[in-house]
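Trainee: What follows is a protein structure lacking sequence information:
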């Protein structure tokens, strides 16, 4: 329903940003990482997600499309609500979330406030399972394809798997990764790929 809001940032709290658009202030719940990028009184754009419940409607806003996509991925896990999604993305970047899931790093996810071992395990298991199912329906996960030799070395395979957690297929990211130094750390490969794809 609401893709984004753009306007003047008129108020900030520890977990919210209020953006005034056409005389209406939209109260967007958000992450610490997004708040760090904002400055009160400036013109901002937040990518939004509207959560409709029986008793309330909540608007969530994020500084990047990648952060929004990761939030939606997280709350798609059973037992993980918006509050938990915000907590994870307040502690970790989307790239760090993807890496933690791809490498079964439950401990990193539990660094988020209020996220215990059981929830972290569920996030990793369900999203790894989702990635595995995508591999079955998209042969490019198993075989990136002809001409992909240039992206098969170094840390590129790990980056491809981690980007898969965020919903990107190898056929989407391989052309970009082929232009990068495969010896770069996985997180840098992910970040540069997302930046070049214009999603950050």
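Mentor: Looks like it came in fine. Please read these numbers as outputs of a predicted model, since none were measured by experiment. Numbering: from 1, shown residues only.

Trainee: Secondary structure element holding the spatially most central residue of the chain?
Mentor: Most central in the chain under Cα atoms, centre = their mean is residue 70, positioned 2.6 Å from the mean C-alpha point. In the assignment (DSSP states H and E), residue 70 maps to helix 65-75.

Trainee: Could you identify the helix or strand that succeeds the lowest-mean-pLDDT helix or strand in the chain?
Mentor: The least trusted helix or strand in the chain, going by mean pLDDT, DSSP states H and E, turns out to be helix 139-142, with a mean of 43. For helix 139-142, the succeeding helix or strand toward the C-terminus, using DSSP H and E, is helix 156-165.

Trainee: Quick check: which helices or strands does the helix or strand hosting residue 97 pack against?
Mentor: Counting by DSSP H and E, the element that carries residue 97 is helix 94-102. With contacts defined as 3 or more Cβ pairs under 8 Å, 6 or more residues apart in numbering; DSSP states H and E, the packing partners of helix 94-102 are helix 65-75, helix 106-109, helix 117-137, helix 156-165, helix 186-196. Heads up, the C-betas are built off the backbone N, CA and C, glycines and all.

Trainee: Can you flag the weakest of those by average pLDDT?
Mentor: Lowest mean pLDDT of the helices and strands packed on helix 94-102: helix 117-137, a mean of 78.

Trainee: re earlier: distance between the helix holding residue 70 and the chain's centre?
Mentor: For helix 65-75, the separation from the chain centroid amounts to 4 Å (computed by Cα atoms, centre = their mean, to the nearest Å).

Trainee: Right, I'll call it a day here.
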